[in-house]
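Chemist: give me a model of this one.
(2 chains)
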Amino acid sequence: MDNLEGLIQEYLQREAQSKTRRHFIKNCAQGMGGLALSSIFMGCDPLESPKKKAAMTFSERDLNPLATLAPPFSPKVKSVIYLHMAGAPSQLEMFDHKPELLKLDGQDCPQSLLEGKKFAFIKGTPKLLGPQAEFKQEGESGNWVSNFMPHFKKVVDDVAFLKAVHTDQFNHGPAQLFMHTGSARLGRPSIGAWATYGLGSENQNLPGFVVLTSGGNTPDAGKSVWGSGFLPSVYQGVQCRSKGDPVLYLEDPDGVSRNLKKSTIDAINKINKEEYAKYADPEILARINQYEMAYRMQIAVPEVMNINDEPENIKQMYGVKPGEESFANNCLLARKLVEDGVRFVQLFDWGWDTHGNIREGSIDLGLRNKCREIDRPITALIMDLKQRGLLDETLIVWGGEFGRTPMQENRGNKKMAYKGRDHHGDAFTMWMAGGGIKKGASHGKTDDIGFSGIEGRVSVHDVHATILHLLGFNHEQFTYQFQGRPFRLTDVEGEVIKEILA
Amino acid sequence: MDVLKQLLGRLHPIIVHLPIGFIILGLLLRWYDRKRNEFDHAIPLIFLWAGYSAVLTCITGYAQYIGEGYTFETVKWHLWLGITTALFSFLMYFKFGNTETFAWVKTIPIVVMTLLMFVLVSATGHLGGTITHGEDYFVEPLPNNIKSALGFETFEEKEIALTEETWEDALIYEDVIKPILNNKCVSCHSPKKSKGELMLHNEKVILDGGENGEVLSINNAIESELFRRITLPKTDEEHMPPKDKTQPSKEEIKLIGAWIDVGHPFDQTIQQSGLKKELFLSFFPKKKDNNYPEIAVIAASQDSIKIIEAKGIHVDPIDKTSDFLKVSCINKPQFSDADFESLKPLSRQIAVLDLGGTQVTNAIFEKLATLPNLTILKLDNTTVTGENIEVLGSLEYLKSVNLTSTDFEEIHLQKFEDFKRLKRVYLFQTKINDKGMQTLKDGQITVDYGNYELPQIPSDSIVY
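Modeler: This next block holds a predicted model:
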């Protein structure tokens, strides 16, 4: 033992000896120089205003990042409800009526369509698969809706279809990222994050951006589809659940009273504010805010997330299943959240990946179940928003991450157990409804078998540009300075789809 | 050697100012000295220097002509006049100098000599400037009307202006196609630049086409070079306009295609061309449907906004271009009739007011009637019954009233008939037990009673 202490002593002495003044100056020259340079250049970002860096004080927006802001242009809607069918629903069984395809059912797909195309699973020469649903023109607009969506036809005159959306991704993860962040790669903020960053949120007791999943799987792309990317993390989506605690870990632990919780949070925030004064790291502010919001949310969220108090007829209209995680519950919740001033509500449903490899994932069986699960809730959501005067100030967007092939999937070049379709990004259907949308419009057309858009093709960026337009932004001017350049949701593309605007 | 030539050449626009300066100085001094004769010795010396520097300028100028690849045609006049100016400077030296060489110049009147010198230096300078800065250096910044008054051709960036009434009589080329080409193409395809030997500023030159021949193919947009280029992907080398230039919109491209498809008529009206109305719809004036009146209002004072916000009430401009405000009590459910007083300073600016879920009563209507520009009013989830609501009839711009989940009574419904611009009333979950949408005031006002139903259908319970 003495021996060891002796060794340590000797080591410390050696080390002290090596740290001479000369050593200090030599080693520090570089470091100090670098420090000086960085303050001369005001950080790495030449475009960032020096004022912003110099003022190490709280700006109002820093302290309250969700404070409401006026949009640059007159907005048509206040809130957005985005309904995403993860897995990609088949447009050919829901909205894109292709009678020609029915006639060609079972025939070989022409080679000209396959050349230069990549599919996720289709190999060799697949056979065309006729629509498995029956279509009818509905409403005054006469837009096509299939018998898989028998309720939806009642609101068909309230929505505007985009029949020829295209994406350049054919795998779920990247395609979902692209659909929600404008880039197929990680790191960009989602639409909801952009919206709350640009506009803040009205209700100070609720998050500005709420995400609801129908239980089961989370989207393949993970939580990045509602992430904040390079925006301050306070703008990311907050995932709430319709079963159990609405937000995980929100309840007080046993033996902790609400007052104790309050004093704890006050103390933590005091320390955090001191830290911020020292380092000016905006993430500290985000943290301060999240503590405070979590405290307020403890009361407000269970209230808004409780669907039991809704009148019976409303519950029936949506077809809710209290105590479960369901898309119907989430639709009703979406209305309640929007009613309470939440800026962006993102719903994810899952199980739409109808390859035909299993019964649940088949075009003629599983898909019908999925359609039944969303048909009533979505129709109810539109009707309910309408009767409350909220549809005028809310935008509903419906879609998947891509569409499905007119060909029957032949995974491994074999006949599959069930009828199914492969991933297809060339043409698929999305729709929007709500404020500023031309009711009953239908934009874009696909070819006779629904393989490609031949008229009114719109890209994912165009969809984003249109959403931002309705919220009061010019998508080309709505930017965030990051890594030395301004970033946009629509990158360098996108055009507002005027054809579906009122 | 080429490098030297070029470098030397590039000195020309700098050195050129020396002889110009000397000559002007000489002329001015001569004029100033015309009676006193105090600078007799200086004047010839100045013209001698002018001559030397002019020779230097000529040499650099020639180097530039050779080195930068100007055609002789372009620089011809400038070159000969430059040399003449240099020689004339020496003549001026002999004229005023104390020397016997070229004695004959002394016989020419001074006025003639000085005038000639002045004209020479001005003309040479002007021609030189034209070569470097272009013909229209001074004309370009002028407004279009002055330009055309001066007789210059203009390519006006006028917007396409069509209306519901006039669109059929508008000229397809003059009023629609020409403005598109002028705004998006002509800056590079005009007599000024004519890239690819293509000009697009009038009928004749469009039909002439460019270096690869015609750009329009009769009745066939897809086969037309012009249409092919503008519809290529932006990443394509041949895409027009170049990707960093302003691009024509989808609607404009579509129109150009349709115009070529009907045989690119130049003199027809839209009606004669047979093009469909849908093509032109996006150029019709947009009907604005803003949530605030289309009038101007002075901005509210920031101080009064701050005071109100401190009470937990949201006050925000409706958008950054407007001084109208949107006020929301979503975070202040205890807001009552008495609290309305605090909103007084904003009475002219409030266009959207959300009092949903607050404690307000029928007494609020009188107060709301003091907001002259109120456009959207939300009173949902309150206890108002509609008594007194008629006072809101005086509001000029009121467009929408939301009374969902209130105690609104049927007897007050008729009062909406007297509202001027009211369009929408929401009466779901009120004392009126009605269903769906109905209209009032000959269809001007839509009343939504809600109570929409989605009855059970057999397929609801079929599981596949």
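
Chemist: residue ranges of the strands in the stretch 351-464 of chain B, please?
Modeler: For the stretch 351-464 of chain B, the strands defined by DSSP state E, counting those that start in this stretch cover B:376-378, B:400-402, B:424-426, B:437-440, B:445-448.

Chemist: give me the below-cutoff pLDDT ranges for the chain.
Modeler: With no chain named, the answer covers chain A. Along chain A, the parts satisfying pLDDT under 70 run over A:1-2, A:23-60, A:63, A:216, A:242.

Chemist: meant chain B actually
Modeler: Using pLDDT under 70, chain B drops low at B:144-145, B:148, B:151-158.

Chemist: and the residue of chain A that's closest to chain B?
Modeler: Closest to chain B within chain A is residue A:387: 2.7 Å, counting by Cβ to the nearest Cβ. Where you see a C-beta, it was placed from the backbone N, CA and C, and this is true even at glycine.

Chemist: quick one: that residue from residue A:133, how far?
Modeler: For residue A:387, the distance to residue A:133 equals 29 Å [Cβ to Cβ, to the nearest Å].

Chemist: same thing with residue B:268?
Modeler: Counting by Cβ to Cβ - residue B:268 and residue A:133 are separated by 46 Å.

Chemist: quick one: which of the two has more around it?
Modeler: residue A:133 (21 against 16; other Cβ atoms under 10 Å in any protein chain shown).

Chemist: please identify the helix or strand for that one.
Modeler: For residue A:133, there is no enclosing helix or strand under DSSP states H and E.

Chemist: could you do residue A:178 as well?
Modeler: Assessed by DSSP H and E, residue A:178 sits inside helix A:172-181.

Chemist: so what does the helix or strand just after that helix touch, helix or strand wise?
Modeler: Sequence-wise, the next helix or strand downstream of helix A:172-181 (DSSP H and E) is helix A:191-199. Under the contact definition 3 or more Cβ pairs under 8 Å, 6 or more residues apart in numbering or on different chains; DSSP states H and E, helix A:191-199 sits against strand A:79-85, strand A:209-213, strand A:344-349, helix A:460-471.

Chemist: out of the ones you listed, which gets nearest to residue B:433?
Modeler: strand A:79-85 (28.6 Å; Cβ to Cβ).

Chemist: wait, residue A:432 touches residue A:391, no?
Modeler: No. Using Cβ atoms under 8 Å as the test, residue A:432 is too far from residue A:391 to be in contact (11.7 Å).

Chemist: okay, the residue of chain B at minimum distance from chain A and residue A:386: tell me how far apart.
Modeler: Residue nearest to chain A within chain B: residue B:450 (2.7 Å; Cβ to the nearest Cβ). When distance is defined by Cβ to Cβ, residue B:450 is 8 Å away from residue A:386.

Chemist: residue farthest from the centroid of chain B?
Modeler: The centre of chain B is farthest from one residue, residue B:100, which by Cα atoms, centre = their mean lies 66.4 Å away.

Chemist: contacts only, for it.
Modeler: Going by Cβ atoms under 8 Å, 6 or more residues apart in numbering or on different chains, residue B:100 touches no other residue.

Chemist: what of residue B:405?
Modeler: Neighbour list for residue B:405: B:380-381, B:428-430 [criterion: Cβ under 8 Å, 6+ apart].

Chemist: out of the residues you listed, which touch chain A?
Modeler: Contacts with chain A are made by B:380, B:428 out of the contacts of residue B:405, judged by Cβ under 8 Å from any Cβ of the partner chain.

Chemist: now list the buried members of the contacts of residue B:405.
Modeler: If you count burial by 16 or more other Cβ atoms under 10 Å in any protein chain shown, the buried members of the contacts of residue B:405 come out as B:380-381, B:428-430.

Chemist: now for the one helix or strand residue B:327 maps to, which elements pack on it?
Modeler: Per DSSP H and E: residue B:327 is located in strand B:325-328. Counting contacts by 3+ Cβ pairs under 8 Å, 6+ apart, strand B:325-328 packs against strand B:314-317, strand B:350-354.

Chemist: mind listing what's buried in stretch A:358-371?
Modeler: Counting neighbours by 16+ other Cβ under 10 Å, one finds that the buried residues in stretch A:358-371 are A:361-371.

Chemist: that older thread, contacts for the helix holding residue A:178?
Modeler: By Cβ under 8 Å, 6+ apart, helix A:172-181 touches A:84, A:86-88, A:167-169, A:183-186, A:188-191, A:219-222, A:224-227, A:229, A:346, A:353, A:399, A:401-402, A:423, A:425, A:460, A:489.

Chemist: and what of stretch B:193-207?
Modeler: B:153, B:155, B:173, B:181-182, B:185-191, B:208-212, B:214-216, B:266.

Chemist: end-to-end on it?
Modeler: 18 Å (Cα to Cα, to the nearest Å).

Chemist: please apply the same query to stretch B:9-23.
Modeler: End-to-end distance for stretch B:9-23: 22 Å, by Cα to Cα.

Chemist: buried ones in that stretch?
Modeler: Going by neighbour count (16+ other Cβ under 10 Å), the buried part of stretch B:9-23 is B:9, B:11-13, B:15-16, B:18-20, B:22-23.

Chemist: right, and the helices and strands packed on helix A:191-199 - which one's nearest residue A:62?
Modeler: When the helices and strands packed on helix A:191-199 are compared (using Cβ to Cβ), the closest one is strand A:209-213, at 18.5 Å.

Chemist: hey, where'd the helices end up in the chain?
Modeler: Using chain A here. Ranges of helices in chain A, per DSSP state H, are A:2-18, A:21-41, A:50-54, A:60-63, A:99-103, A:111-114, A:172-181, A:191-199, A:258-279, A:282-304, A:312-318, A:327-339, A:366-387, A:460-471.

Chemist: meant chain B actually
Modeler: B:2-15, B:17-32, B:42-67, B:72-96, B:110-133, B:144-149, B:178-184, B:203-208, B:225-231, B:250-261, B:270-273, B:302-310, B:364-368.

Chemist: and those helices as JSON lines, adding distance to residue A:320?
Modeler: Listed next are those as JSON lines, based on distance: least, Cβ to Cβ, whole Å:
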{"stretch": "helix B:2-15", "distance to residue A:320": "80"}
{"stretch": "helix B:17-32", "distance to residue A:320": "85"}
{"stretch": "helix B:42-67", "distance to residue A:320": "83"}
{"stretch": "helix B:72-96", "distance to residue A:320": "81"}
{"stretch": "helix B:110-133", "distance to residue A:320": "75"}
{"stretch": "helix B:144-149", "distance to residue A:320": "64"}
{"stretch": "helix B:178-184", "distance to residue A:320": "53"}
{"stretch": "helix B:203-208", "distance to residue A:320": "64"}
{"stretch": "helix B:225-231", "distance to residue A:320": "49"}
{"stretch": "helix B:250-261", "distance to residue A:320": "42"}
{"stretch": "helix B:270-273", "distance to residue A:320": "54"}
{"stretch": "helix B:302-310", "distance to residue A:320": "37"}
{"stretch": "helix B:364-368", "distance to residue A:320": "34"}
